[in-house]
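**Q** missing the sequence, but the structure's below:
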């Protein structure tokens, strides 16, 4: 009985935490060019995107516990209707080459936009 109560409390606490920030969770990249999985999590009161898996047929990366963490972004903050990477200086200009924006299209679909040589690159990520 006590184990059931504790388990229910544990599940409630963690499911409520994800409802507070719809970005949190495991996301898979929907791309023809590479395979990728990212976990958006809170770490030291910052929202970060931890790269769990990446494979573009030339480079393969797979995160394992205990190794150095690779983050796609480091401190996402909500700004108007999108989330921006506050660390990259995205608040300064839309043409920043370091800009990362995340637009929550639905509860399970995220549009991630980065810039390369001042040209936008859009990706769709699907929540797992």
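**A** Thanks, I have it. Predicted model, so just to flag it, every value in this text is computed and none were measured.
**Q** which residues does residue 41 form beta bridges with?
**A** Here residue 41 sits in beta bridges with residue 48, going by DSSP bridges.
**Q** cool, residue 25 as well?
**A** Here residue 25 sits in beta bridges with residue 40, as judged by DSSP bridges.
**Q** mind listing what it touches?
**A** For residue 25, the contact set (CB atoms under 8 Å, 6 or more residues apart in numbering) comprises 18, 39-40, 127-128. The C-beta positions use only the backbone N, C-alpha and C, and glycine is treated the same way.
**Q** how about the nearest residue to residue 102, chain neighbours excluded?
**A** Nearest non-adjacent residue to residue 102, counting by CB to CB, 6 or more residues apart in numbering: residue 83, 4.2 Å away.
**Q** my guess is that neighbour meets residue 101, correct?
**A** Yes: with contact defined as CB atoms under 8 Å, residue 83 reaches residue 101; the gap is 6.8 Å.
**Q** good, we can wrap up now.
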